[in-house]
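> Below: sequence and its predicted model.
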Amino acid sequence: MHNFTPLSGLLGGALIGLATALLMVLTGRIAGISGIFGGLLSLKASDRGWRLAFVAGLLAAPLLAALGGASLPMPAMPANLAVVAIGGLLVGVGTRMSGGCTSGHGVCGTARLSTRSITATAIFMVVAIGTVAIVRHGFGA
Amino acid sequence: MPVSIASFVCGLIFGIGLLISGMTQPDKVLGFLDIFGAWDATLAFVMAGAVAVSSFGFAFARRRPSPLFAAKLNWPRRDDIDASLIGGAALFGVGWGLVGLCPGPALVNLAGLSVPVVVFVAAMGAGMLSYDQWRERRDPSHTDYDAVTARADR
């Protein structure tokens, strides 16, 4: 297996879980990033404050890591800018249409044992695996 | 104010978790999704760790009369499976599989201000806004488009 890092995966995952738990215990909100970010952009939103604060926290994480000596994230992209833009558009439309992404449906919804979220998670996982199979191995193409 | 500070701290912890887990690296995410190639199972551990801690936290939240800084818990109300859920999840899956970024990691990566990430987040925001606008025009009474971050308080 390639680049397998189960311990940092578990630790990072536990921190993600801790953040979702704390947000619910402290503010009564679900930590679904597409919902938080989409609601921040929404023209009708009346509760932008906590959404903006959460997104600022997300952005502060790599800045804090940079203070500790890490470099700012400049991830290598697997595709050219046109594909990146199409991917971003699909992620935006798809997460609003289904009401959640990897965090809201995948983590919080699965933790709540929501049929709706578990269904969404199964679908986006299978479709993403299929997409990578077609792009990388040309299955069905 | 306490709500904003709590939200900021939760976003910060969430972001640090994403960085440590490897979810902010498209290569790593695609390595997990590439089950027919050199499969990297790490993300299964990320999900397992996150769901485990989240379950305990939610169970704890349910036992308390109310959240510390708010009047009540805003659990998502819907649990039906409709065409929007299926179609939306499928579209999201294609985008995630093409680029290897989902919304949280995309926002964390935005701090590096690299051109592809800025393009991805701008396109993602445009997609979210256009879908919401379209949905609103089709059904002005519809307010529950945001089923996960439920707005039960409205």
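The structure has been received and is ready for your questions. Just so we're clear, the structure is a prediction, and the values are computed from it rather than from any experiment. Numbers count the residues shown, from 1 in each chain, chains lettered A, B, ... in the order given.
> in chain A, which ranges drop under the pLDDT threshold?
By pLDDT under 70, the weakly predicted segments of chain A are A:1-2, A:140-141.
> and if we set it to 50?
Along chain A, no part satisfies pLDDT under 50.
> Which stretches in it count as helices?
Counting by DSSP state H, one finds helices in chain A at the ranges A:6-27, A:33-41, A:48-67, A:81-98, A:110-111, A:115-137.
> Please spell out which residues along the second one are buried.
Read that as helix A:33-41. A:I33, A:S34, A:G35, A:I36, A:F37, A:G38, A:G39, A:L40, A:L41 (16 or more other CB atoms under 10 Å in any protein chain shown). Where C-beta positions appear, they are placed from N, C-alpha and C, glycine not excepted.
> Closest one to chain B out of these, please.
Using CB to the nearest CB, A:G35 comes nearest to chain B of the buried residues of helix A:33-41, at 3.1 Å.
> rewinding a little: if we look at chain B, which of the buried residues of helix A:33-41 are close to it?
Among the buried residues of helix A:33-41, the residues that sit close to chain B (CB under 8 Å from any CB of the partner chain) are A:I33, A:S34, A:G35, A:I36, A:F37, A:G38, A:G39, A:L41.
> My read is that the last one contacts B:A126, right?
No. Shown here, A:L41 and B:A126 do not form a contact pair, counting by CB atoms under 8 Å, at 9.2 Å.
> How about the residue sitting nearest the centre point of chain A: what's its closest non-neighbour residue?
Central residue of chain A (CA atoms, centre = their mean): A:T102, 4.7 Å from the mean position. Once flanking residues are discounted, A:T102 sits nearest to B:C102: 4.4 Å by CB to CB, 6 or more residues apart in numbering or on different chains.
> Over to A:G12?
B:S21 (2.5 Å).
> Do I have it right that that neighbour meets A:G17?
No. The criterion here is CB under 8 Å, and B:S21 misses it with A:G17 at 10.8 Å.
> Overlap of the contact sets of these two?
Here B:S21 and A:G17 have B:G49 as joint contacts, going by CB atoms under 8 Å, 6 or more residues apart in numbering or on different chains.
> Enumerate every residue touching residue 12.
This is for chain A. B:I16, B:G17, B:L18, B:L19, B:I20, B:S21, B:G22, B:M23, B:V46, B:G49.
> look at chain B instead
So B:L12 contacts A:G57, A:L58, A:A60, A:A61, A:L64 (CB under 8 Å, 6+ apart).
> pLDDT at it, what is it?
On pLDDT, B:L12 comes in at 98.
> Include distance to B:G95 when you put the buried residues of helix A:33-41 into TSV, please.
Formatted as TSV, those follow (distance: CB to CB, whole Å):
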residue	distance to B:G95
A:I33	14
A:S34	11
A:G35	17
A:I36	18
A:F37	15
A:G38	14
A:G39	19
A:L40	19
A:L41	17
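> Generate a PyMOL selection restricted to the buried subset of the contacts of B:L12.
Under the burial definition 16+ other CB under 10 Å, those of the contacts of B:L12 that qualify are selected in PyMOL by:
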select buried, chain A and resi 57+58+60+61
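> Max pairwise distance over the contacts of B:L12: which two?
A:L58 and A:L64 (11.2 Å; CB to CB).
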